[in-house]
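Enquirer: Turn this into a model:
(one chain, ligands or ions: 2)
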Amino acid sequence: ATAPRAEIFEVGPRDGLQNEPRPIPTAEKLALIDLLSGAGFSRIEVASFVSPKWVPQMADGAEVLAGIQRAPGVSYAALVPNMQGLERALAARADEIAVFASAAEGFSRANINCSVDESLARLAPVARAAQEADLPVRGYVSCVTDCPYDGETDPGDVARVVARLMRMGCYEISLGDTLGQGTPERVAQMLKLVLEEAPADRLAGHFHATSGLALENIDAALDAGLRVFDAACGGLGGCPFAPGAAGNVATEDANAHLRRRGYETGLDEGVLARAAQMAQAMRAPAAR
Ligand code: HMG
Ligand code: MG
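Expert: Ligands and ions are numbered 1, 2, ... in the order given. Coordinates of the predicted model:
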């Protein structure tokens, strides 16, 4: 019998690098993305068209998308917060975009300077305009278990935001444990409510690795039927507006874990190991 498939959505060049204090030269980003392009991913998030005043590290998104060697069959994704971001993503020829909202008010304010409802109202026309331009739209929900400002998140709040993103036509919604404090039990509880709003094949798990339970949380999501997981090569990452949040689960760890669990990911472990090494070397010396 052929092994069941699971997919890793590589977010290292975006979620991984956005929090690095050292200004990383565009050329280093291009080298990392070009290496990742040969690993076997279908989707790589490579840029973020947010305000460069808020996240200076991502200011060179247009140069990144212009400079990479695009591998056939790979979709190069960009995060956008508003219409201005969408326009920049279109001009840079991103293959797909991701819009993002929070399940918790505190993080919404800190991250994008508005309430959850305001952000959803702002994103609806962005999603529509992207779809009119034939760009697939992915959605993110942050703080699906905990918020750095508000504490534990009510799973009902997550389900509500998922429902709104589904109505906007997001082809997949990635559920972010932004802070990395989720436990498998709470992830399972959250998914139970979310699955009333979206089927498992339209959902992805996005786990940060602060408390060391990211792989257990992936297992909880696998048990609930999810088969797509976001991860960052070398375990890079963190969010500048989520104090205490550590890196994303490392791609090489998530891949090894999925393989051990009997899933085929289609990824080349040798390339992943080199990408992890390159990613680690890009970090500021103090953070290593
Ligand atoms: P604001 O200050 O409320 O908005 O920021 P504004 O519309 O008043 O804009 C302020 C200035 O930014 C203006 O410039 C705009 O032109 C400019 P000024 O007039 O002062 O010269 N601006 C832009 N410039 C370039 N591109 C744009 C853009 N938009 C405005 N798209 C805003 C609101 C949303 C823009 C800001 O808060 C922001 O950019 N936030 C992004 C924060 C961020 O990137 N966080 C990390 C990504 S989310 C994440 O990591 C979580 C995730 O991984 C899942 C998980 O783990 O949970 C996805
Ligand atoms: Mg994240």
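Enquirer: Give me every residue in the stretch 151-288 of the chain lying close to ligand 1.
Expert: 176, 178, 206, 208, 239, 241 (CB under 6 Å from any ligand atom). No exception for glycine: its C-beta is placed from N, CA and C like everyone else's.
Enquirer: what residues are up against the last one?
Expert: Which is residue 241. 107, 110, 111 (CB atoms under 8 Å, 6 or more residues apart in numbering).
Enquirer: And what about residue 253, helix, strand or coil?
Expert: Under DSSP: H, G, I helix; E, B strand; the rest coil, the three-state class of residue 253 is helix.
Enquirer: count of residues packed around it?
Expert: Residue 253 sits with 18 neighbouring residues when counted by other CB atoms under 10 Å.
Enquirer: For residue 273, list the residues it contacts.
Expert: Here residue 273 is in contact with residue 252 (CB under 8 Å, 6+ apart).
Enquirer: and if you look at residue 28?
Expert: residue 282.
Enquirer: Within the helices and strands, which one has it?
Expert: Element membership for residue 28, per DSSP states H and E: helix 26-36.
Enquirer: Show the average pLDDT along that helix.
Expert: For helix 26-36, mean pLDDT is 98.
Enquirer: Same question for it: list its buried residues.
Expert: 26, 29, 30, 32, 33, 35, 36 (16 or more other CB atoms under 10 Å).
Enquirer: Would you reformat those residues as TSV and include distance to ligand 1?
Expert: Below are the buried residues of helix 26-36 laid out as TSV (distance: CB to the nearest ligand atom, whole Å):
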residue	distance to ligand 1
26	17
29	16
30	21
32	17
33	17
35	21
36	17
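Enquirer: Can you get me a residue count around residue 132?
Expert: 8.
Enquirer: I'd like to know how far residue 246 sits from ligand 1.
Expert: 11 Å (CB to the nearest ligand atom, to the nearest Å).
Enquirer: can you pull the contacts of that residue?
Expert: 180, 208, 209, 210, 237, 238.
Enquirer: quick one: secondary structure of it?
Expert: Taking three-state DSSP, the label given to residue 246 is coil.
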